[in-house]
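Enquirer: I would like to see how this sequence folds:
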Amino acid sequence: MVGGVAAVAGPSLGGFIVSVLGWRWIFYINVPIGVLIFIFTYLFVPEIRNSAKQQLDLMGVLLVSLSCLFLTYGLIEGQHFKWSMYIVGILIISVVIFIIFYVQQKLRHKRDPLIPFALFEDRNYTLMNVVGVFFSIGVLGLMLLLSIYFQSILGYDAFRAGLTLVPASLISMCVSPFAGKFSNKIGGKYLVLAGLALTLIGMIWVIFIMNGHNYWVQFMLSMVITGFGNGLLISPTAAVAVKEVKDEVAGAASGVMNTVRQLGTVGGSAAVGALLQNRISAMNHGSEFESVFDISTKFGGHLSGYLTALRESLLLPMAAIALACIACAFVRKNAKRLSTNEIK
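Expert: Sure, this is the predicted structure:
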């Protein structure tokens, strides 16, 4: 529910900040929010100590943080540097550091590793991580392309574009608690599959109604369908993933899932942005441009090519959701729970 409230407030509040204060404040505002979270956590979150003595894997934290840093930077800045050897080198460094991290974790497997890689021996946990990655790519890709469409084609400012996306988050917020309650009763796997299917239907609807002259209300149904689908699968995905995980490593399992999803959003935004830019550049005879939000001016008022590029780019998020469906189909209903010894 808390996540749903944030999802509802995020697009509109983010759009308001961008419109009034500028895009840099999207980053600046995290500083005071982070300070408040730190203070409230210190004052109100109860301290829970494990009876067993544990050591924080500082070297593991450093290695995985550096790997994620290089990966995120490479994916975000790849299009800006035209995927040059500089970016390729950055991504290679990320992979090398992660390999070092993996070896370090294997050597430390009996001394509280940061990530117990034996978690991935749990089939359902691994598959739900795959679902989470593809779902993040799909939904982030859809929202990114819709934001571009609303602002560059329909002429909305960032605030209005954000408000147009709110119905999806609002429906998701309302549905998610009920999906969590019914997950054990009818099977989380089937709820996740239903959610993915509805999300895919919402994307198909968007492709069909894009015409360059839409009113915001025409996207209401697709946003409701997509939001309903998102609400159905968010809680069950986590429930299915950690159902067979021992309590001792539940925190690590949850942390890995969240990190994987966040990397999926980064990769999704980079991939979708690069594809859109590539398709528009090809249709505009290789013409270069600074921002996808300004591309419509390159077509001299003839937006059919731009709309075609947007529709073609939407195929990538749709493919990601389809792959998530395939991964989810292989989830087992009754999996063996890993023992503590197997985890370590």
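Enquirer: CA atoms for contacts and neighbours, from now on please.
Expert: Fine.
Enquirer: ok, which stretches of the stretch 151-300 of the chain are helices?
Expert: Per DSSP state H, counting those that start in this stretch, the stretch 151-300 of the chain carries helices over the ranges 158-186, 188-209, 220-242, 250-283.
Enquirer: list the buried residues in the next helix or strand after the longest one.
Expert: Counting by DSSP states H and E, the element after helix 250-283 in chain order, helix or strand, is helix 304-329. Of the residues in helix 304-329, those buried under the neighbour-count criterion (16 or more other Cα atoms under 10 Å) are 305-311, 313-318, 320-325, 327-328.
Enquirer: would you format the helices of the stretch 151-300 of the chain as JSON lines with distance to S147 and mean neighbour count included?
Expert: Converted to JSON lines, those look like this (distance: least, Cα to Cα, whole Å; neighbours: other Cα atoms under 10 Å):
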{"stretch": "helix 158-186", "distance to S147": "6", "mean neighbour count": "20"}
{"stretch": "helix 188-209", "distance to S147": "12", "mean neighbour count": "21"}
{"stretch": "helix 220-242", "distance to S147": "13", "mean neighbour count": "24"}
{"stretch": "helix 250-283", "distance to S147": "12", "mean neighbour count": "19"}
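Enquirer: indicate which one of these is closest to V35.
Expert: helix 250-283 (21.3 Å; Cα to Cα).
Enquirer: one step back: can you put the helices of the stretch 151-300 of the chain in CSV and add distance to I99?
Expert: Converted to CSV, these look like this (distance: least, Cα to Cα, whole Å):
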stretch, distance to I99
helix 158-186, 36
helix 188-209, 32
helix 220-242, 24
helix 250-283, 16
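Enquirer: any chance of these in a markdown table, plus distance to L63 and mean pLDDT?
Expert: Below are these laid out as a markdown table (distance: least, Cα to Cα, whole Å; pLDDT from 0 to 100):
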| stretch | distance to L63 | mean pLDDT |
| --- | --- | --- |
| helix 158-186 | 35 | 84 |
| helix 188-209 | 33 | 92 |
| helix 220-242 | 25 | 89 |
| helix 250-283 | 14 | 84 |
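Enquirer: how about these, which one is nearest Q55?
Expert: Going by Cα to Cα, the one of those nearest Q55 is helix 250-283, 13.8 Å.
Enquirer: packing partners of that closest one?
Expert: When contacts are defined as 3 or more Cα pairs under 8 Å, 6 or more residues apart in numbering; DSSP states H and E, helix 250-283 sits against helix 58-77, helix 123-148, helix 220-242, helix 304-329.
Enquirer: what is the third one packed up against?
Expert: With contacts defined as 3+ Cα pairs under 8 Å, 6+ apart, the secondary structure elements packing on helix 220-242 are helix 123-148, helix 158-186, helix 188-209, helix 250-283.
Enquirer: and the gap between the closest residue in space to F135 that isn't next to it in sequence and F208?
Expert: Closest residue to F135 apart from its sequence neighbours, by Cα to Cα, 6 or more residues apart in numbering: I321 at 5.7 Å. The gap separating I321 from F208 is 18 Å, by Cα to Cα, to the nearest Å.
Enquirer: out of the helices of the stretch 151-300 of the chain, which gets nearest to G132?
Expert: Closest of these to G132 is helix 250-283, at 5.6 Å (criterion: Cα to Cα).
Enquirer: distance from the chain centre to the closest one, please.
Expert: In terms of Cα atoms, centre = their mean, to the nearest Å, the centre of helix 250-283 is set 6 Å apart from its chain centre.
Enquirer: likewise stretch 129-147?
Expert: Relative to the chain's own centre, stretch 129-147 is displaced by 5 Å; criterion: Cα atoms, centre = their mean.
Enquirer: with only the CA atoms kept, save that stretch in PDB.
Expert: Extracted in PDB, the C-alpha atoms of stretch 129-147 (Å, rounded to 0.1, in the frame of the first residue of the first chain):
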ATOM      1  CA  ASN A 129      13.900 -12.600 -10.400                       C
ATOM      2  CA  VAL A 130      13.800 -13.100 -14.200                       C
ATOM      3  CA  VAL A 131      10.100 -12.100 -14.200                       C
ATOM      4  CA  GLY A 132      11.000  -9.100 -12.100                       C
ATOM      5  CA  VAL A 133      13.600  -7.900 -14.600                       C
ATOM      6  CA  PHE A 134      11.400  -8.300 -17.600                       C
ATOM      7  CA  PHE A 135       8.500  -6.800 -15.900                       C
ATOM      8  CA  SER A 136      10.600  -3.700 -14.900                       C
ATOM      9  CA  ILE A 137      11.800  -3.400 -18.500                       C
ATOM     10  CA  GLY A 138       8.300  -3.600 -19.800                       C
ATOM     11  CA  VAL A 139       6.500  -1.200 -17.500                       C
ATOM     12  CA  LEU A 140       9.300   1.300 -17.400                       C
ATOM     13  CA  GLY A 141       9.600   1.200 -21.200                       C
ATOM     14  CA  LEU A 142       5.800   1.800 -21.500                       C
ATOM     15  CA  MET A 143       5.800   4.700 -19.100                       C
ATOM     16  CA  LEU A 144       8.900   6.300 -20.800                       C
ATOM     17  CA  LEU A 145       7.400   6.100 -24.300                       C
ATOM     18  CA  LEU A 146       4.000   7.400 -23.100                       C
ATOM     19  CA  SER A 147       5.700  10.400 -21.400                       C
END
